[in-house]
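**Q** Build me a structure from this.
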Amino acid sequence: MKIRCPICHKEQEVPDDFAYRPFCSQRCKTIDLGNWLGEAYRISRPITADDEEPGVRGAN
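**A** Okay, here's the model as predicted:
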């Protein structure tokens, strides 16, 4: 399977059970995690009641 890493944009051929998919390496996977933890990614609109799943804490 051919993937394009969302962090470094490198294309490479990987097996279907590749541990770091959709990333090309552990390094890119760790960079992505750091982006989430550092709040580099944001939800682009306010969360509404329609976005919440039933049975999830805080949902009606």
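
**Q** first to last residue in stretch 10-20, what's the distance?
**A** Its first and final residues considered, stretch 10-20 spans 13 Å by C-alpha to C-alpha, to the nearest Å.

**Q** what mean pLDDT does that stretch have?
**A** Average pLDDT, stretch 10-20: 94.

**Q** what residues does it touch?
**A** 1, 2, 3, 4, 5, 21, 24, 26, 28, 29 (C-beta atoms under 8 Å, 6 or more residues apart in numbering). The way it works is simple: take the backbone N, C-alpha and C, and place the C-beta from them, glycine included.

**Q** Nearest the geometric middle of this structure, what residue?
**A** For the chain, the residue sitting closest to the mean C-alpha position, by C-alpha atoms, centre = their mean, is residue 32 at 7.1 Å.

**Q** How about the contacts made by that one?
**A** Residue 32 neighbours (C-beta under 8 Å, 6+ apart): 6, 7, 23.

**Q** Output the residues you listed in TSV, with neighbour count appended to each entry.
**A** Below are these laid out as TSV (neighbours: other C-beta atoms under 10 Å):
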residue	neighbour count
6	12
7	16
23	22
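
**Q** quick check, nearest of the residues you listed to residue 40?
**A** When the contacts of residue 32 are ranked by distance to residue 40 (C-beta to C-beta), residue 7 comes first, at 11.4 Å.

**Q** is it true that the closest one touches residue 30?
**A** No: Residue 7 lies out of contact with residue 30 (C-beta atoms under 8 Å); the separation is 9.4 Å.

**Q** Can you list the low-confidence ranges for the chain?
**A** 55-60 (pLDDT under 70).

**Q** all helices of it, in order?
**A** With DSSP state H as the criterion, the chain has helices at 26-37.

**Q** Could I get the full set of strands for it?
**A** For the chain, the strands defined by DSSP state E occupy 2-4, 11-13.

**Q** Tell me who's in contact with residue 4.
**A** 10, 11.

**Q** nearest to residue 39, of the contacts of residue 32?
**A** The closest of the contacts of residue 32, once distances to residue 39 are taken by C-beta to C-beta, is residue 7, at 16.7 Å.

**Q** wait, what's in contact with that closest one?
**A** Residues in contact with residue 7 (C-beta under 8 Å, 6+ apart) are 23, 24, 28, 31, 32.

**Q** Cool, thanks, talk later.
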